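**Student:** next input, structure requested:
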Amino acid sequence: MPYVVSGAQKQSMEKNAGELWDPANHCFVCGPSNPGGLRVRFRLEEEGGEQICRAEFTPGPTHVGYSDMLHGGILYSLLDDVMANWSFLQGQRAHTARCEVRYRDAVPMGVGLKLEGRLLRRRGRMMEMEGKAFRDDNGALVATAQARFMLAGASGRDSSSRA
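**Tutor:** Residues are numbered from 1 along each chain as shown. Next up is the predicted model:
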């Protein structure tokens, strides 16, 4: 069943996820105030009645692993955050309980990525999520993630800042 988004939540979708909780957010992936961070901007889009979290990222020289390829840890972090921000952009803080990434292809420096995160199912406070990363130049799937996230607090909300 698709997650229903309220009017107030829809207004928040246009903002950078890090700015929703604290403009001084230092999250490595999405924090606007982290000088060494990736500063990725996430958004929710509706597709066929389903909410999908999306973002783009182009790796540069500081993100290198082997032989001018994107470091796998950076790609893991991007996938983790695109899934977490699915919930975050809807006003619910969630924490990664488990995440498994399958790397399918290397990503050369300078090749843009398109990221997607979606809810597969929710059981109580647990959400099963899926993340995908595609090359922007040819659409090839480079990595997938399957994860479980736990909604924070009894209601799934957390008043502390995200960082």
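**Student:** per-residue confidence at A133?
**Tutor:** Model confidence at A133, expressed as pLDDT, equals 99.
**Student:** what's the closest non-adjacent residue to it?
**Tutor:** Counting by C-beta to C-beta, 6 or more residues apart in numbering, A133 lies nearest to A143, which is 4.6 Å off, once chain neighbours are set aside. All C-beta spots, glycine's among them, are computed from the backbone N, C-alpha and C.
**Student:** just checking: what are the partner strands of the strand or helix carrying the one you found?
**Tutor:** Assigned by DSSP states H and E, A143 belongs to strand 141-151. Strand pairing for strand 141-151, using DSSP bridges, gives strand 94-103 (antiparallel), strand 126-135 (antiparallel).
**Student:** residues making contact with the last one?
**Tutor:** Contacts of strand 126-135 from elsewhere in the structure, counted by C-beta atoms under 8 Å, 6 or more residues apart in numbering, are 75, 78-80, 82-83, 86-87, 94, 97, 105, 107, 111-122, 140-151.
**Student:** with stretch 51-71 instead?
**Tutor:** With C-beta under 8 Å, 6+ apart as the test, stretch 51-71 has contacts from 2-3, 5, 38, 40-46, 72-74, 78, 82-83, 85-86, 89-90, 106-119, 136.
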